[in-house]
Structure formats: structure tokens, C-alpha cells
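Undergrad: fold the following.
(one chain, ligands or ions: 2)
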Amino acid sequence: MPAHPSPLPSVLLAGCGQMGGAMLEGWLAHGLKPSVVLDRHSRTVPAPHTVVSTLDEIPAPFQPDVIVLAVKPQKADPVLDTLAVLYPQATLLSVMAGRTVESLTRRYTQANPKANPVLIRAMPNTPCAIGAGMSGLYAPPQATDTQKAHCAALLAAVGETVWVEREELIDSVTAISGSGPAYVFLLAELLEKAGVEQGLPAENARTLARKTLYGAGALLNQSPADAEELRRRVTSPGGTTAEALKVFMAPDAWPAIVPRAVAAAARRARELSS
Ligand SMILES: NC(=O)C1=CN([C@@H]2O[C@H](COP(=O)(O)OP(=O)(O)OC[C@H]3O[C@@H](n4cnc5c(N)ncnc54)[C@H](O)[C@@H]3O)[C@@H](O)[C@H]2O)C=CC1
Ligand SMILES: O=C(O)[C@@H]1CCC=N1
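TA: Ligands and ions are numbered 1, 2, ... in the order given. Have a look, this model is predicted:
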């Protein structure tokens, strides 16, 4: 990730927890115009960037290109209320699950009737911290090309991006790639435990599980072949993998469970929308 020649737009990062912190790591590695990080927990950022624990501490002349909303959806309202007063014409990039453009704009303009914000939504994931993120983005029709370009640049600096045409598809993105790393980490946990049950020393089981997921992910990333074909290449007829896949692929196992889990995540995203 080059620190030159084009620094990313300046941001006010509102919320620097798991997701905000992951993006910030990538942005700092890339190079970011002077920016401000808001978090009530103590943080450090290298100069010329600044950390504040409340919005009142933001230096008066600071005008970010983009305000990134990365607090929990249920905690956003007090932050929006203050931002609406400080930055009535802001470009806001929300990475919050669920909360819609309409609900965020409504809250903003309730807090300041003169405000006229533009809300763009994105759903990134924590591999952004190492430049391997996957983000879906949605912009409403009123967003300008510059606003979209600023938001896209921020997310492209920390991984891949896709735009979706309809806002409700951000809930689907959330259920696949936003939450998705947790599904993969669960598989790592379970493989590691199973390895120990098979008699491997814990340290070996951990390495075997983690590096297998890493290698398979890297192969998926580089190979033009479908996942199904890559799976077939591992599965010798009458061999060991086929036996494991009979268990995983039983009609009531992964083919039923994965869509059910994804649907549950998407449903929760819709519940968080108000
Ligand atoms: N964790 C993940 O993998 C992903 C999270 N998201 C979204 O990112 C958002 C944040 O999630 P996490 O980073 O997991 O949560 P988090 O709880 O780790 O981070 C939120 C941060 O905001 C700070 N904060 C909240 N209200 C504040 C206030 N009024 N003033 C100052 N600081 C305040 C908290 O101190 C905390 O550090 C959520 O809306 C979530 O939907 C999106 C994609 C993936
Ligand atoms: O669990 C959550 O609600 C957030 C959104 C996607 C990943 N983490």
C-alpha cells in the first residue's frame, strides 16, 4: 500500500473500535490527509492526525472530506446529533449494519433542521486491517461523483469494493462478507479442536487449521477456477475428503445451515435499520 503519491481524503473517524480501527490501520499505511479519530477509549495515532474523546474537542477549523460513522448502530444517535450541528453539510460514510440512509438522514436533520447531509453506506470487514478487506457500497442518487469517489477511495485503500444498486442489498453484503470473517474464524476454531481430538498436539492443530484456511483462501483468491472445481481437485474418488464431504454436504448439514445462518444475519441487519 503506497504512502504516496495520492493521500486518502481527510476523515473524521467516529468510532475506532474493531471495524474503525481495522480501517484506520489500512488508511495510515496508505497515507491519509490530516484526520481526526473520535473514540472515548484512549487511542494513539501518528502526527499529523489527532485523537479526541468527545466531539467538542475537535479543533474548530477541521473540516473533513468524509465523516466515517463506525460506532454501533444502537449508539449512533448522540453522535449524529452533535455532528449535525458541527458539520451540517457533511459527506457521511456509514459502515454501520442495518441503519438506513433514511433513518440516519432523519436523525441528522431532526438535530439540525438546516443540515443537508449526504449519506453513503458501506459494509466493510475486519481484514481491511491488512489490506484484504471486502466492502460493499451503496450511494443514493443525490451523492455526487466526488463524494462517491472519496468513499470508494477509502475502502479501495483497504481491500476490494463492489457497489450495489439498491440499498437493501447492503443487508445481504453484511450477511456474507461483513459477518463472513467470523464464519471462517469459527471454522478455524472447530478444525483446531477436532485436530486435538485426533491426537495432534494443540500447537500443531492450531498451525494446521490456520494455515489451511490461509492457503485455501489465497488459492481461491488467485485461481480463476470456481470454488466447486477447487473442491473437486482435493476430493479423490473413494478417498478421505469424500468421506468428510459426505458429512458436510448431507442435505441437513451445510447446504441447509449456511443459507439459514446467512438469512439470520440479514434479518438482524433489517431489524437494526430503524
Ligand atoms: N466488527 C466488524 O467486523 C464490523 C463492524 N461493522 C460496523 O461497524 C460499527 C462498529 O462496530 P465495532 O467496531 O465492531 O464496534 P466497537 O464497539 O468495537 O467500536 C465502536 C467504538 O465506538 C466508540 N464510541 C461509541 N460511541 C461513542 C461516542 N459517543 N463517543 C466516542 N466514541 C464512541 C467506542 O468507544 C468503540 O471503541 C458497527 O456499526 C458495526 O455494524 C461493519 C462491518 C464489520
Ligand atoms: O456483527 C455485526 O453486527 C457487525 C456487522 C458485520 C460484522 N459485524
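Undergrad: give me the residue from this protein nearest ligand 1.
TA: residue 17 (1.8 Å; CB to the nearest ligand atom). To be clear about C-beta, it is placed using only N, CA and C from the backbone, and glycine gets the same treatment.
Undergrad: I'd say that residue and residue 39 touch.
TA: Yes - the pair residue 17 and residue 39 passes the contact test of CB atoms under 8 Å, sitting 7.1 Å apart.
Undergrad: these two - which one has more neighbours?
TA: residue 39 (20 against 13; other CB atoms under 10 Å).
Undergrad: residue 151 reaches residue 66, doesn't it?
TA: Yes - counting by CB under 8 Å, residue 151 touches residue 66, with 6.2 Å between them.
Undergrad: what residues are shared contacts of the two?
TA: 91, 93 (CB atoms under 8 Å, 6 or more residues apart in numbering).
Undergrad: so which of those two has more stuff around it?
TA: When residue 151 and residue 66 are compared for neighbours, residue 151 comes out ahead with 27 against 23, by other CB under 10 Å.
Undergrad: which element is the closest residue to residue 191 other than its chain neighbours on?
TA: Counting by CB to CB, 6 or more residues apart in numbering, residue 191 lies nearest to residue 209, which is 3.9 Å off, once chain neighbours are set aside. Element membership for residue 209 (DSSP states H and E) is helix 202-222.
Undergrad: which residues of the stretch 1-150 of the chain lie near ligand 2?
TA: residue 97 (CB under 6 Å from any ligand atom).
Undergrad: and the helices in the stretch 1-150 of the chain, which stretches?
TA: Here the stretch 1-150 of the chain has its helices, by DSSP state H, counting those that start in this stretch, at 18-30, 76-86, 101-111, 145-156.
Undergrad: pull the CA atoms of the last one into PDB?
TA: Which is helix 145-156. Only the C-alpha atoms of helix 145-156 are listed here, as PDB (Å, rounded to 0.1, in the frame of the first residue of the first chain):
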ATOM      1  CA  ASP A 145     -19.200  11.800  -8.100                       C
ATOM      2  CA  THR A 146     -16.700  13.400  -5.800                       C
ATOM      3  CA  GLN A 147     -18.500  12.200  -2.700                       C
ATOM      4  CA  LYS A 148     -18.600   8.600  -4.100                       C
ATOM      5  CA  ALA A 149     -15.000   8.800  -5.200                       C
ATOM      6  CA  HIS A 150     -13.900   9.800  -1.800                       C
ATOM      7  CA  CYS A 151     -15.800   7.000  -0.100                       C
ATOM      8  CA  ALA A 152     -14.700   4.400  -2.700                       C
ATOM      9  CA  ALA A 153     -11.000   5.500  -2.300                       C
ATOM     10  CA  LEU A 154     -11.100   5.000   1.400                       C
ATOM     11  CA  LEU A 155     -12.400   1.500   1.100                       C
ATOM     12  CA  ALA A 156     -10.400   0.600  -2.000                       C
END
